[in-house]
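Chemist: Sequence first, predicted coordinates after that:
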Amino acid sequence: MSGPAVEPHRPADQDATRYLCAAAHLDPEFARRAVRELLVDEHRLPVPHPELDLPTVLRHCIAARARRLYRDAAIVIVLALAVAVAGWSVAAWYVSLAGLWLILRTTRRPAASPVARNVGLLAGLLWGFAALVLLSLAVTSCDPFGLRETWHLATPNATDVAVRLGAPAAAALCCWLAALTEEVAAYVTVAERLRRDGFTPSRWLSAEPTWAQHALGVLGERLADGRLEQHPVTDPANPFVGSGPQALRRRWLVDLGPAASRSGSFDVGDLLDRISERLADGLGSLDPADPSEKGGTVIIDDCAISTVPALATRLGDNEVRLLPDAPDPSLRGSGPRVFRRVRIGGDPAGLTVTGYINATAGAGLLQVELYGHVLGPIAQRYRVPDRTAPFDAATALTCAVRALRNLPIAVFTAPRGVLRTAGDPVRRRRHRSLLGRAAASGLTVTAGAQYDVREAVAAKPGTDRFAEEDANLYLAVIERRVREELRPLLPSGRSEF
């Protein structure tokens, strides 16, 4: 075998891209973090994903984030007007809503321990009781526990009662309408624009702010740069980011014995080629059902992992690009480490098992490293575009109920959501200033990739039992074939490591 099988260039997989776009509309935290990690924090480099249309995913994240910004801004304005009209009685309603939200949140978390659930339920009940006391002081003439006299509160007249009841009720209705509008817009986007036969990556979604358009342009240039794809710069704490959690780690140290006395150094490249040849033959009965689907099931190539800083290169007055920094030859081990990468699973939206193999020889010893990572399939709930019915009266009623159920959390998180979204351009300008200073002085910045969108929405361990069993089988085959190639190098009399 002359070398590893190189993966042919393939267009972006539309199914995986569609599911990630759906995740942007279904998971607010995913959309917010994806925008912040890949567009706002420009001092970090993205994880190259040839099989994903990352700019399209981020455009959907921006659209979902903008839609929720409009909802949160409307809720904040409505609450401010209600406070201006009804005064402190709105606080009583706000406290009562907080108690109801706490009760619902506690009862809807089956994963919590019984003690935590009981404590949360008790706290919610006490909170609700306090809200009832405040409401009785605001809209009735009652004096529970003598608080009206102690706090010197006047007894409300008929006009006060009407305002203190009507203003919060109108505010609640307006907030619900804002939440309903956002729910309907999200449903229509997922059901119509993300349907398999209606998905158009370049289709206009919403007005993107100027800073986001510029950030998307910078991201596109980085993804198109071949140097970034061939030598990805990653965080030293997680050099294999984008491959999923680590499920296997093996390190073998073999005394070469007679092999060390040869005139030349031990040929680790030949060893890796033999291992790759064995794995490229397939996995036998473990092969997925259709090996020809989406480009094959076993892909073997070289992967250079670099954890050095990145170089900020000035391209113009307002343009700075991050590229992998050229390693200093005087620093031993400063260059990228090259691993033989074995990927099993040809569907970018399904289970992917990746093995990274590295071998080094010196001083009569051979060290072989094997790291196994499992990237779970995209969670089943993000496949909703394939099974979502078109918008009609029944789905409108479902959206109305969902908006009512999510109203408490929407009200309580609205101020924070507005502030976080409004602060993103300021944060990006600060990072651009940092990069500009680095480019002007020829300095490097710590810019390793720390976040991957595919990994963020993949099924967590324990979610898909059958996928976990398949992953364990694939990793076991990789480890066994590496051991089989190392066994002839063991000293006489030894058959196991």
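Modeler: That came in fine, so what should we check first?

Chemist: can you map out the strands along the stretch 251-400 of the chain?
Modeler: 298-305, 310-314, 320-324, 337-344, 352-362, 365-375 (DSSP state E, counting those that start in this stretch).

Chemist: mean pLDDT for these: which is lowest?
Modeler: Lowest mean pLDDT within the strands of the stretch 251-400 of the chain: strand 320-324, a mean of 76.

Chemist: got the strands of the stretch 251-400 of the chain as TSV, with distance to residue 170 and mean neighbour count columns?
Modeler: (C-beta placed from N, C-alpha, C; glycine too.) What follows is the strands of the stretch 251-400 of the chain, written out as TSV (distance: least, CB to CB, whole Å; neighbours: other CB atoms under 10 Å):
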stretch	distance to residue 170	mean neighbour count
strand 298-305	58	19
strand 310-314	53	20
strand 320-324	50	21
strand 337-344	57	21
strand 352-362	52	21
strand 365-375	49	21
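
Chemist: Which one, of those strands, ends up nearest to residue 401?
Modeler: Each of the strands of the stretch 251-400 of the chain was scored for nearness to residue 401 using CB to CB, and the closest is strand 365-375 (35.0 Å).

Chemist: Pairing partners for that closest one, with directions?
Modeler: Sheet partners assigned to strand 365-375 using DSSP bridges are listed as strand 246-255 (antiparallel), strand 352-362 (antiparallel).

Chemist: For the first one, which outside residues touch it?
Modeler: It refers to strand 246-255. Contacts with strand 246-255, where a contact means CB atoms under 8 Å, 6 or more residues apart in numbering, come from 240, 355, 364-374, 471-472, 475, 478-479, 482, 486, 489-491, 497.

Chemist: hmm, try it at 6 Å
Modeler: When contacts are defined by CB atoms under 6 Å, 6 or more residues apart in numbering, strand 246-255 is touched by residues 366, 367, 368, 369, 370, 371, 372, 373, 374, 475, 489, 497.

Chemist: Output those as TSV; include the columns distance to residue 144.
Modeler: Written out in TSV, the entries for the contacts of strand 246-255 read as follows (distance: CB to CB, whole Å):
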residue	distance to residue 144
366	80
367	75
368	75
369	70
370	69
371	64
372	64
373	60
374	58
475	64
489	84
497	75
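
Chemist: In these, find the pair that's most separated.
Modeler: Those two in these that are separated most widely, counting by CB to CB, are 374 and 489, at 28.6 Å.

Chemist: Tell me which other helices or strands the longest helix along the chain touches.
Modeler: Ranked by residue count under DSSP state H, the longest helix found in the chain is helix 407-441. With contacts defined as 3 or more CB pairs under 6 Å, 6 or more residues apart in numbering; DSSP states H and E, helix 407-441 has these neighbours: helix 54-86, helix 158-188, strand 310-314, strand 320-324.

Chemist: what's next to the next helix-or-strand element following it, contact-wise?
Modeler: Past helix 407-441, further along toward the C-terminus, the next helix or strand under DSSP states H and E is strand 444-445. With CB under 6 Å, 6+ apart as the test, strand 444-445 has contacts from 43, 309, 311, 312, 325, 438.

Chemist: Please apply the same query to stretch 160-171.
Modeler: When contacts are taken as CB under 6 Å, 6+ apart, the neighbours of stretch 160-171 outside the stretch itself are 78, 82, 85, 86, 89, 90, 93, 138, 139.

Chemist: Residue 265: neighbour count?
Modeler: When neighbours are defined as other CB atoms under 10 Å, residue 265 has 10 of them.

Chemist: what are the bridge partners for the residue nearest to it when sequence neighbours are not counted, then?
Modeler: Nearest residue to residue 265, sequence neighbours excluded (CB to CB, 6 or more residues apart in numbering): residue 361, at 6.2 Å. Residues found in beta-bridge contact with residue 361 (criterion: DSSP bridges) are residue 366.

Chemist: right, and residue 361 touches residue 268 too?
Modeler: Yes. Using CB atoms under 6 Å, residue 361 is in contact with residue 268, at 5.3 Å.

Chemist: thinking again about what came up before, columns distance to residue 433 on top of the strands of the stretch 251-400 of the chain, output as JSON lines?
Modeler: Listed next are the strands of the stretch 251-400 of the chain as JSON lines, based on distance: least, CB to CB, whole Å:
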{"stretch": "strand 298-305", "distance to residue 433": "30"}
{"stretch": "strand 310-314", "distance to residue 433": "11"}
{"stretch": "strand 320-324", "distance to residue 433": "10"}
{"stretch": "strand 337-344", "distance to residue 433": "33"}
{"stretch": "strand 352-362", "distance to residue 433": "37"}
{"stretch": "strand 365-375", "distance to residue 433": "35"}
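
Chemist: Residue 133: what's it in contact with?
Modeler: By CB under 6 Å, 6+ apart, the contact list for residue 133 reads residue 144.

Chemist: Which strand or helix spans it?
Modeler: With elements taken from DSSP H and E, the one containing residue 133 is helix 114-139.

Chemist: coming back round to it: just flag the most distant two among the contacts of strand 444-445.
Modeler: Taking CB to CB as the measure, the contacts of strand 444-445 span a maximum distance of 13.4 Å, between 43 and 325.

Chemist: still on that earlier bit, so which of the helices and strands packed on helix 407-441 comes closest to residue 114?
Modeler: That would be helix 158-188 among the helices and strands packed on helix 407-441, by CB to CB, at 31.6 Å.

Chemist: Okay, buried residues for that closest one please.
Modeler: Of the residues in helix 158-188, those with enough neighbours to count as buried (16 or more other CB atoms under 10 Å) are 160, 163-165, 167-168, 171-172, 174-176, 178-188.

Chemist: Now do the helix holding residue 133: distance to the chain's middle.
Modeler: The gap between where helix 114-139 is centred and where its chain is centred comes out at 35 Å by CA atoms, centre = their mean, to the nearest Å.

Chemist: immediately after that helix, which helix or strand?
Modeler: Following helix 114-139 in sequence order, the next helix or strand is helix 147-151 (DSSP H and E).

Chemist: from the middle of its chain, how far away would that following helix be?
Modeler: Here helix 147-151 shows a centroid-to-chain-centroid distance of 51 Å under the convention CA atoms, centre = their mean.

Chemist: what does that helix contact?
Modeler: By CB under 6 Å, 6+ apart, the residues outside helix 147-151 that reach it are residue 137.

Chemist: List the buried residues in that helix.
Modeler: Using 16+ other CB under 10 Å as the burial criterion, the residues of helix 147-151 that qualify are residue 148.

Chemist: cool, stretch 479-490 as well?
Modeler: By neighbour count with 16+ other CB under 10 Å, stretch 479-490 contains the buried residues 481, 482, 485, 486, 489.

Chemist: Distance check, residue 71 against residue 430.
Modeler: Spatial separation of residue 71 from residue 430 under the definition CB to CB, to the nearest Å is 27 Å.

Chemist: Counting neighbours, go ahead and name the busier of these two.
Modeler: In this view residue 71 and residue 430 are compared by other CB under 10 Å, and residue 71 has more residues nearby, 24 against 11.
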